[in-house]
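> Okay, here's the prediction I keep looking at, along with the sequence it came from:
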Amino acid sequence: MYYTRLLILTLSLLLLEGCATSPSSTLSPKHSNKEQSSIRTPSEVEITLYRQAITDLSNHNFAEAEVSFLNMIKKQPDLAGPWANLALVYIKQQQFEKAENTIQTALKKNPNMAQALNLAGYIANRKGRINEAKQFYEKAIINKPDYALAHYNLALLYDVYLQDISKALEYYQQYLSLISDEDKNTKDWVEELKLNIKSDDA
């Protein structure tokens, strides 16, 4: 079907747009008191560098973004955010082995980081590990219920791979309710799925 193919093609786009973690969420980690004592507060210079790295990542200046994130990791190796963003740099360059190793490190630093879990799900999906991808997406949603991208990716998983249309519809609708801009392609696809379910029930 046209829309199914379209949704598969847009998986990468929807997954990777807006995935980079913000300076506030990455440079202000939520750790225990013991962990916080070993993590210093970032300087204004580091925050500026981080913002520049995110800009480089958004503009596809991957070499510059990689260097910046690696420098941040050297300065604060216990933060999950730079590791997750470095994994995103590798994903965008289709270096999936490096991305998987990097995202595993991010999840060791923060097992509940929704963006890292979403990226781990994407990598697992790419490698055909569908149930593992499902678990990552579900955990991302548990930890961040308003994370639209994880809802979308889980919907796509149920739709294309697991063939559970009712579940897919549930997550597509959650995704649509959470995004600020209209996604007409997904909205039209949801309406088509609803019509198909009604047709099957008739």
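Done, it's in. Numbers count the residues shown, from 1 in each chain.
> for the helix or strand that contains Ser199, the distance to its chain's centre please.
Using DSSP states H and E, Ser199 falls within helix 184-201. Chain-centre distance of helix 184-201: 26 Å, with CA atoms, centre = their mean, to the nearest Å.
> Buried ones in that helix, by neighbour count?
Of all the residues in helix 184-201, those buried under the rule 16 or more other CB atoms under 10 Å are Thr186, Trp189, Val190, Leu193. All C-beta atoms are positioned from the backbone trio N, CA, C, and that covers glycine.
> Next: stretch 85-102.
Asn85, Leu86, Ala87, Leu88, Val89, Tyr90, Ile91, Lys92, Ala99, Glu100, Thr102.
> Next: stretch 162-171.
By 16+ other CB under 10 Å, the buried positions in stretch 162-171 come out as Ile165, Ala168, Leu169, Tyr171.
> Give me the contact list for that stretch.
With contact meaning CB atoms under 8 Å, 6 or more residues apart in numbering, stretch 162-171 is reached by 130, 134, 151-152, 154-156, 158-159, 190, 193-194, 196-197.
> Need the residue closest to the centroid of the protein.
With distances taken as CA atoms, centre = their mean, the residue of the chain nearest its centroid is Asn118 (3.7 Å).
> pLDDT weak spots in this structure?
1-42, 45, 201-202 (pLDDT under 70).
> cutoff 90 now
1-60, 71-72, 74-77, 79, 196-202 (pLDDT under 90).
> those strands in this structure, which residues are they?
Remark: no strands are assigned in the chain by DSSP state E.
> Helices of that one, residue ranges please.
Using DSSP state H, the helices of the chain run over 2-16, 23-27, 33-37, 44-58, 62-75, 80-92, 96-109, 114-126, 130-143, 148-156, 165-178, 184-201.
> Return the list of helices and strands in contact with the fifth one.
Pointing back at helix 62-75 there. helix 44-58, helix 80-92 (3 or more CB pairs under 8 Å, 6 or more residues apart in numbering; DSSP states H and E).
> Likewise for the longest one?
With contacts defined as 3+ CB pairs under 8 Å, 6+ apart, helix 184-201 has these neighbours: helix 2-16, helix 165-178.
> Fine, thanks again, bye for now.
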